[in-house]
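# Let's see this in three dimensions:
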Amino acid sequence: QVQLVESGGGSVQAGGSLRLSCAASGRTFSTYAMGWFRQAPGKEREFVAGISRSGDLTYYTDSVKGRFTISRDNAKSTVYLQMNSLKSEDTAVYYCAAKRGAYSDSPTYNYWGQGTEVTVSS
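Now for the predicted structure:
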């Protein structure tokens, strides 16, 4: 079992930055690929960014490329999402997720956090 707890959400003006963190329980964090997803009101959950187990490979949806950076610290069992140049369309609840094996951009992850809300005002 892996428990994931996100933090770092909040309200920010357009153009601002936030850094989300996701702390994982257990001693097997490095065996999981990690992903960030988001869900805006009335919309389906969508992939935002993913990172391989070692952290050497990262993946982003087109709308956040160049603005968001995913990273992980396996020693701290934590994954991060640095979000810069935020736009109103980034407003959503952000979820981190853990997946055995390789990363995926579909929500076929084994464990999910409870989500943290991000609101970007224009």
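
# Report the separation between the two terminal residues of stretch 106-122.
30 Å (Cα to Cα, to the nearest Å).

# Report the backbone C-alpha coordinates of the helix or strand in which Y95 is found in CSV.
Applying DSSP states H and E as the criterion places Y95 in strand 92-100. This file holds the C-alpha atoms of strand 92-100, laid out as CSV (Å, rounded to 0.1, in the frame of the first residue of the first chain):
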residue,chain,number,x,y,z
ALA,A,92,-8.3,22.6,-11.1
VAL,A,93,-7.8,20.1,-8.4
TYR,A,94,-4.4,18.5,-8.8
TYR,A,95,-3.8,14.9,-7.9
CYS,A,96,-0.6,12.9,-7.7
ALA,A,97,-0.6,9.2,-8.5
ALA,A,98,1.7,6.2,-8.2
LYS,A,99,2.0,3.5,-10.8
ARG,A,100,3.9,0.2,-10.7
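
# secondary structure element for the residue nearest the centre of the chain?
Compute the mean C-alpha point of the chain, and by Cα atoms, centre = their mean the closest residue is W36, 2.5 Å away. For W36, the host element (DSSP H and E) is strand 32-39.
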